[in-house]
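> Predicted structure and sequence below. I'll ask about it afterward.
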Amino acid sequence: MATTSAESPISHSGQTLSRAVTFQFALDPNAEQRVLLAKCAGARRFTVNHHLARVKANLDARSTEREVLSDSGEPCERSTPSLSWAAFSFINEFNAWKNGQSADSPVSGNGIRGLAWRHELPNDVFECASVDAARALANFSASRRGKRSGSPVGFPRFQAKGKVTPSFRLRNRAAASQAPSSQPIRFSDPAHLRLPRFGPVKVFGPTRKVRRMIEAGRFHIYSATLTQRAGRWTVSLTGVAAKLHQAERSRTNRHAVPVGVDRGIISLAVAGDANGVFFESFEGVKTLKQAQASLKAANRSLARTTPGSKGRQRARSRLAKRHRKVANTRRHLVHQASKALVDRAQVLVIEDLNVAGMVRNRHLSRSISEAAMGELSRQVLYKARWHGVDVRVADRFFPSSKTCSGCGEVRNDLDLSTRTYSCGVCGLVLDRDLNAAINLARWQPKESSTVTLLDPTRVPLLSTA
């Protein structure tokens with residue numbers, strides 16, 4: 001694969017691909033493809049559980065030996081060697097096991113070693129599942145040694161059918177320089193996506209933008225992740241794309257004064273610049289509140305059904321569809337707000353909110369979750385990097401809401417129910433969220449911590465929950 005000095009792949013048209021992008025489409029598979037999709041999702045669960053069972057048995061055996069040695073007090077070598085948790089080790093072990101090359105490989109009734117159904121599915125399902133199991137165990141190991149930030153991570157859970165989201169991943173085993181028409185994962189026509197072993201699968205929605213990017217060499221697919229939610233299969237095409245057009249990254253027609261963005265519950269976001277001028281306001285997300293009546297009725301209908309019956313399956317599907325509509329509407333509104341912000345501003349200032357801690361407040365957890373505060377910051381960060389916008393993250397303890405944007409006086413008695421900020425010193429009366437946005441726009445980091453943030457991985461404290 002031809003690459004630049006920065007190791008970015010070069011497409012067949014000579015474009016440098018350096019921007020991580022994902023496109024998602026809903027699928028309409030036929031009956032045969034639906035069966036194969038379900039089998040692949042089941043194979044992924046089976047593979048992950050296989051690796052977790054091996055590792056857990058090994059850890060239990062070594063723990064038992066450690067206890068025996070500590071009780072005896074005599075130095076002795078352990079008889080059980082440790083297992084490698086590397087992804088390549090997992091892939092090699094499972095391939096040998098399912099192909100009948102291991103001593104403990106399964107044996108069918110007719111004496112054939114290995115998994116009898118292994119040839120029915122793409123091999124990528126097993127290998128990608130092995131990689132996922134290795135990644136989960138790596139997170140567990142790093143958390144146990146104190147080398148992972150965030151909440152402690154325990155041993156990965158075994159995946160049970162009906163309790164985990166059916167999903168699996170297929171890799172596009174082709175170089176970016178290869179012609180699109182010869183790649184394993186490609187659009188065969190405007191309405192069908194060709195996948196290995198599945199053939200052409202019908203796709204909902206317009207695919208013109210993605211197809212043109214692929215044909216022009218501006219997007220290369222690395223993998224396709226297929227997921228079933230609320231009875232509908234979707235595919236996420238993950239890959240690398242060329243930089244946005246210079247016109248979209250130009251700063252000429254953008255607001256030159258820094259813009260502060262205050263995220264809230266009443267309004268999704270209120271923006272104001274450092275000069276104290278209102279910039280833009282985005283209506284709060286109320287999809288969950290508006291859907292409470294229908295969700296309550298669907299939950300009651302589900303509770304009246306008999307466990308294990310077909311009626312219960314239909315009721316569960318109706319409830320899941322309502323939740324899916326709420327989530328999709330919320331995501332759409334957040335995408336609109338984040339795109340408008342990065343399109344109009346040169347410098348954005350957002351505050352570092354502890355969203356994961358805020359949702360623990362049982363009085364506000366539903367409203368905070370509905371406001372999608374973490375999702376908005378996540379989208380602003382990655383879209384700002386695409387459009388060449390500077391993003392600064394204000395300190396978590398900066399009193400943006402309690403500080404008067406007129407004179408700088410801090411009101412410590414301000415509570416959440418007060419929606420209008422009134423200053424007793426200078427007499428300023430202003431919307432609470434706009435006042436906070438103006439203070440954020442004027443925020444200046446300390447000399448020792450001055451940083452312009454364009455990469456969300458450089459914001460370890462910014463919650464994306």
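Done, it's in.
> Quick one: residues contacting Gln159.
Each residue near Gln159 by CB atoms under 8 Å, 6 or more residues apart in numbering is listed here: Arg45, Val48, Asn49. All C-beta spots, glycine's among them, are computed from the backbone N, C-alpha and C.
> Apart from its neighbours in sequence, what residue is nearest it?
Using CB to CB, 6 or more residues apart in numbering and skipping the chain neighbours, the partner closest in space to Gln159 is Arg45 (4.4 Å).
> Identify those among the contacts of Gln159 that sit within helices.
Using DSSP state H, the members of the contacts of Gln159 that fall in helices are Arg45, Val48, Asn49.
> The first one and Lys161 touch, don't they?
Yes. Arg45 sits in contact with Lys161 when judged by CB atoms under 8 Å, with a separation of 6.6 Å.
> More neighbours: which of the two?
Higher neighbour count among Arg45 and Lys161: Arg45, with 19 against 11, using other CB atoms under 10 Å.
> what's the distance between that one and Lys339?
Computed as CB to CB, to the nearest Å, the Arg45 to Lys339 distance reads 36 Å.
> ditto for Glu215
Distance from Glu215 to Lys339, counting by CB to CB: 25 Å.
> Break this structure down into its domains, please.
For the chain, automatic domain parsing gives the domain ranges 19-29+165-241, 250-458.
> got CSV for these, with mean neighbour count too?
Shown next, in CSV, are these (neighbours: other CB atoms under 10 Å):
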stretch, mean neighbour count
domain 19-29+165-241, 17
domain 250-458, 17
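> Tell me which of the ones you listed lies nearest to Gly146.
Gly146 lies closest, by CB to CB, to one member of the domains of the chain: domain 250-458, at 19.0 Å.
> can the contacts of Gln159 go into a markdown table with extra columns for pLDDT and distance to Gly146?
As requested, the contacts of Gln159 are exported to a markdown table (pLDDT from 0 to 100; distance: CB to CB, whole Å):
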| residue | pLDDT | distance to Gly146 |
| --- | --- | --- |
| Arg45 | 97 | 31 |
| Val48 | 97 | 26 |
| Asn49 | 97 | 28 |
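> what's the closest of the residues you listed to Leu302?
Comparing the contacts of Gln159 against Leu302 with CB to CB picks out Arg45 as the nearest, at 24.1 Å.
> And the strands in the chain, which stretches?
For the chain, the strands defined by DSSP state E cover 19-28, 167-171, 186-189, 192-195, 199-203, 219-229, 232-241, 259-263, 267-273, 278-283, 347-351, 390-394, 420-422, 429-431.
> possible to save those strands as CSV with mean pLDDT and distance to Asn412?
Shown next, in CSV, are the strands of the chain (pLDDT from 0 to 100; distance: least, CB to CB, whole Å):
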stretch, mean pLDDT, distance to Asn412
strand 19-28, 94, 43
strand 167-171, 97, 48
strand 186-189, 95, 59
strand 192-195, 96, 57
strand 199-203, 96, 55
strand 219-229, 96, 45
strand 232-241, 95, 46
strand 259-263, 91, 19
strand 267-273, 89, 22
strand 278-283, 89, 26
strand 347-351, 92, 18
strand 390-394, 91, 19
strand 420-422, 86, 13
strand 429-431, 87, 18
